[in-house]
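Chemist: What follows is a predicted structure for the sequence shown.
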Amino acid sequence: MYSQTTRDIVVTVKPFFLDDQSSPADNHYVWAYRVRIENRGSRTVQLINRHWIITDGIGRVQEVKGPGVVGEQPVLRPGDGYEYTSGTPLPTPSGIMHGTYEMKDEGGESFDIVIPAFSLDSPHDHPSVN
């Protein structure tokens with residue numbers, strides 16, 4: 001698992017390879033990732049937007065921006081947590097993802113929290129030592 005804390009908001013990500021949805025012969029590899037967001041602060045916050053940066057195994061970058069996550073803009077009171085699962089396909093057997101969530105606190109202040117970089121690894125990758 002990968003974890004990052006920004007302004008008392010903890011984001012934890014656990015990626016996993018979906019072999020049954022992948023087709024290595026067609027250069028199609030699919031991962032799911034479970035995200036948990038915990039508000040360890042003293043103010044209520046709402047997740048407004050997401051910004052993902054997805055890099056495949058040969059360095060091609062794709063950015064994904066939009067409102068909320070999985071169709072929701074969850075409100076997290078102090079002590080609350082929120083979990084969701086999403087996924088991404090890649091044309092390579094490995095990659096990396098990271099990004100930010102735009103949050104808004106109860107006073108109307110917007111701020112970004114870090115989504116930790118996490119590795120997308122498949123059993124079809126053949127890593128080399130440099």
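Modeler: Sure, I can see it. Since the structure is predicted, the reported quantities are computational estimates derived from the model, not experimental observations.

Chemist: Only C-alpha atoms from now on, for both contacts and neighbour counts.
Modeler: Fine.

Chemist: Sheet-wise, list the partners of the helix or strand hosting W31 with their directions.
Modeler: Assigned by DSSP states H and E, W31 falls within strand 29-39. Sheet pairing for strand 29-39, assigned by DSSP bridges, gives strand 9-17 (antiparallel), strand 81-90 (antiparallel).

Chemist: now those strands in TSV, with distance to D105 and mean neighbour count?
Modeler: What follows is those, written out as TSV (distance: least, CA to CA, whole Å; neighbours: other CA atoms under 10 Å):
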stretch	distance to D105	mean neighbour count
strand 9-17	11	20
strand 81-90	15	15
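
Chemist: Include mean pLDDT and distance to S119 when you put the ones you listed into TSV, please.
Modeler: Shown next, in TSV, are the strands paired with strand 29-39 (pLDDT from 0 to 100; distance: least, CA to CA, whole Å):
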stretch	mean pLDDT	distance to S119
strand 9-17	98	8
strand 81-90	97	12
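
Chemist: can you tell which of those is closest to E109?
Modeler: E109 lies closest to strand 9-17 among the strands paired with strand 29-39, at 14.6 Å (CA to CA).

Chemist: ok now that closest one, how far from the chain's centre?
Modeler: Per CA atoms, centre = their mean, to the nearest Å, the displacement of strand 9-17 from the mean C-alpha position of its chain is 6 Å.

Chemist: residues making contact with it?
Modeler: Residues outside strand 9-17 that contact it (CA atoms under 8 Å, 6 or more residues apart in numbering): 1-5, 29-41, 113-116, 118-122.

Chemist: From the opening residue of stretch 51-67 to its closing one, how far?
Modeler: Using CA to CA, to the nearest Å, one end of stretch 51-67 lies 9 Å from the other.

Chemist: Distance of S110 relative to Q46?
Modeler: From S110 to Q46 the distance is 9 Å (CA to CA).

Chemist: Contacts for stretch 25-36 next, please.
Modeler: So stretch 25-36 is contacted by 10-19, 21-23, 81-93, 120, 122 (CA under 8 Å, 6+ apart).
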